[in-house]
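Chemist: Pasting the sequence and the predicted coordinates here, then a few questions.
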Amino acid sequence: MNRITAGCRENTESLAPSNAVGMHLDAPRRLRKEMGQRLRRARLGLGLSVGEVAARCGYRNLSKGARKVAAWERGEPEAMLDASVYFGVVGLDADGLHAELEHITSVASRLDHLGDAVLAADRALFCEHISLFLERADLVQERAELRNVLSPAASFRILWRGGGIATLGGLIAAWSHGGLQAEVAGKRVYLFAGSGSQLSGCGSSLGASICGAMQTAPGSPSKYLRSVVPWTRREPVSGYSLADVVVALGGTAPSTVLRRMDASANTRSDVFGTYDPNGRIFQLSGGDAYVLASGEEWAGVASTAESFGRVAVGGRHTAALRLGSDLSLGAFETGALQASGYAFVDGRVQRDDEYIPLQIDGPSLPAALLPVIATALASTPAG
C-alpha cells in the first residue's frame, strides 16, 4: 500500500499493513470516515465553524458550502470549488489527502470488480459448451448433481418480477420448452442471463449461439420466458460447479486459481490453492491435495464432518478425501452448505462479517470445496 504523507495521516492503526491477508467490503467507507474525522478535528482545532470554512473556500452561498464541508467530515466527499483550498484552510497537506483519496477510490474499484474473472470464465464455459449442454440435456436432468448446479453467470434480474440465479437444469428445461431463445443476426441464441423490466420490456439478455459465440439479445428476459422459470428451485443446490458439469459431460474445463489479497484488495503473488475440475482435485499451496467424489457411498462417513466446524450434513453427500490416505474430511450436504462462517458470494469467498480473504481467477468453484477452503483459512489471520 502506498505510504501516506506523514503530515496528513495522524492514525494508521485502522489500515492493515500491506502484508495482511484479505480485507473487509466496507474498507473504503471506513477509510473515508477516518479522513472525515481528521478533517473535523483539524477544523475544530482551529476554532472554525463549517460556515467559516465554507467562506474561506470561496463559497458565497454559505449554506451550500457548509453542507459540503459537513459531508466531507461525515466521510462522504462531495465536489467542491477547490478541494485543495479546503484542505489548506483546515491546515492539512493537500497533496497527501489527494493521494489518500486516489488510494481509497482504487481500493473501492478493485472491490467492485472482485468476481469479474469468475463471471467471465463461467460465461465462456456457457458459450464454448452450449452445444454439449443441449446434446446431453437428458443426462443433466437425470442427475441431481448436474441439474442443480448454480453459476454466478446465470443471473436474471427483472424489475417487477424478481429473478435470481438459474440452475443449469432450469435453463435446459426453459430451452427445451422454447423459452429463453432469441434470433440475433440470423442465429439461434440460447439465453442464460439478463436484466430488464417486466412492464416496459426494456433491458438486455445474454446468451450463446451453437457456434459458441456470445450474443446480446435486446429486451428484458421476461420477453423470452415461456412456461418454465429457471431460477425456481425445489431441490438442494449441487456441490458441483459449472466446470465440473462440463467435465462430467465429456468436455474439458480450465483450472481455477485462488490467491490471497492484501489489505488494499491487491492480489498477492503467492497462490493459496488450485482447483482442476478435470480431475476434481484441489491442490493447496502447502502441499495437501484433495479429490472430490460424489455419491451415496459416502453417506456412512458423516460423523467425521465435525472437523469442518459448522457443517450441515444430510441428503446426498459429496466427500473430500486426502490423496494417498484414508478419508479425512468427512461428508456434507450439497445444499445449505456452511463451514466456519464462509460462503461463495458472486464468485468470491466471503465470511459472514464481509471479510474477503481470496481472489478467485477462473471458473466458479464447486460448493463442495467450501469446507476445505474454510478449514485451510482457519490458520490464516484476518487482515
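Modeler: Structure's in. What do you need?

Chemist: just the helices in the chain please.
Modeler: Using DSSP state H, the helices found in the chain span residues 27-45, 50-56, 62-73, 83-89, 94-112, 116-128, 130-135, 137-142, 144-147, 168-176, 242-248, 370-377.

Chemist: of those, which approaches F282 most closely?
Modeler: Evaluated with C-beta to C-beta, the helices of the chain place helix 370-377 nearest to F282, the distance being 6.1 Å. C-beta here means a position set from N, CA and C on the backbone, and glycine is covered the same way.

Chemist: and the closest one, how far out from the chain's middle?
Modeler: 17 Å (C-alpha atoms, centre = their mean, to the nearest Å).

Chemist: by contact count, what packs against it?
Modeler: In terms of contacts (3 or more C-beta pairs under 8 Å, 6 or more residues apart in numbering; DSSP states H and E), helix 370-377 is packed against strand 267-276, strand 342-345, strand 348-351.

Chemist: Highest mean neighbour count out of these?
Modeler: Per residue and on average, the most neighbours among those fall to strand 348-351, with a mean of 20 (mean count of other C-beta atoms under 10 Å).

Chemist: Contacts for that strand, please.
Modeler: The contact list for strand 348-351 (C-beta atoms under 8 Å, 6 or more residues apart in numbering) reads 25, 114-115, 118, 258, 341-344, 356-358, 360, 370, 373, 377.

Chemist: Of those, which pair is most distant in space?
Modeler: Farthest pair in the contacts of strand 348-351, by C-beta to C-beta: V118 and G341, 20.6 Å.

Chemist: okay, those two: which has more neighbours?
Modeler: V118 (24 against 13; other C-beta atoms under 10 Å).

Chemist: buried set for stretch 235-250?
Modeler: 236-249 (16 or more other C-beta atoms under 10 Å).

Chemist: Tabulate those residues in TSV, adding columns for pLDDT.
Modeler: Below are the buried residues of stretch 235-250 laid out as TSV (pLDDT from 0 to 100):
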residue	pLDDT
P236	76
V237	78
S238	81
G239	77
Y240	86
S241	92
L242	96
A243	96
D244	93
V245	95
V246	97
V247	95
A248	93
L249	96
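
Chemist: now, among the residues you listed, which is nearest to G75?
Modeler: V237 (37.8 Å).

Chemist: ok, that closest one touching L370?
Modeler: No. Taking contacts as C-beta atoms under 8 Å, V237 lies outside contact range of L370: 11.3 Å.

Chemist: before we move on, back to that, looking at the helices of the chain, which is closest to S285?
Modeler: helix 370-377 (9.3 Å).

Chemist: OK, contacts around G91?
Modeler: By C-beta under 8 Å, 6+ apart, the contact list for G91 reads 42, 45-46.
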